[in-house]
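In: Structure, please.
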Amino acid sequence: MAIGVQIVIDCADPAALARFWAAALDYEEQRPPAGFDNWEDALRSWGVPESEFNSAGAVVDPAGVGPRIYLQRVPEGKTVKNRLHLDLAITNGSGTLEARKQALAEAARRLIGLGATQVGVTEDFKGYAIVMQDPEHNEFCVH
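Out: Numbering: from 1, shown residues only. Model prediction:
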């Protein structure tokens, strides 16, 4: 039996966060089911009230390799550090440390342009990474 996996992120604005993660990961927002031109038409046909149109969203790897990221609206805000976070593998660990740092700094600048915030840098026996937050303050790292 094959077990699929998706990553779920609790958030306040699934549509906005889906746009961020789609751009950050080179993913795309999940398309509506066959027979619908957009999600609003699908949700309307299923009787979902308009107030719930932004209750969830998803982004998918266009190559079908990476996991689906599902974003669900929750009533409470984020209050503590994530117990789970995403690591974006920008470099493969080869090359000089300075070259890797430069590549990560460029990736961090791109993500900041998308709405992320740089929180810090970690450098220890495990390696070098830039610690960031998405637009809703969920932590993630680029390494």
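
In: what does stretch 89-106 contact?
Out: With contact meaning CB atoms under 8 Å, 6 or more residues apart in numbering, stretch 89-106 is reached by 107, 127, 128, 129, 130, 142, 143. In short, each C-beta sits where N, CA and C put it, glycine included.

In: could you dump the one helix or strand the third one maps to to PDB, C-alpha only?
Out: Right, residue 128. According to DSSP states H and E, residue 128 maps onto strand 127-133. Extracted as PDB, the C-alpha positions of strand 127-133 are listed here (Å, rounded to 0.1, in the frame of the first residue of the first chain):
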ATOM      1  CA  GLY A 127      25.800  23.400   8.500                       C
ATOM      2  CA  TYR A 128      24.600  26.900   7.500                       C
ATOM      3  CA  ALA A 129      21.000  28.000   7.100                       C
ATOM      4  CA  ILE A 130      19.000  31.200   7.000                       C
ATOM      5  CA  VAL A 131      16.000  31.100   9.300                       C
ATOM      6  CA  MET A 132      12.900  32.900   7.900                       C
ATOM      7  CA  GLN A 133       9.200  33.300   8.400                       C
END
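
In: Mind giving me the packing neighbours of it?
Out: Counting contacts by 3 or more CB pairs under 8 Å, 6 or more residues apart in numbering; DSSP states H and E, strand 127-133 packs against helix 97-114, strand 117-124, strand 139-142.
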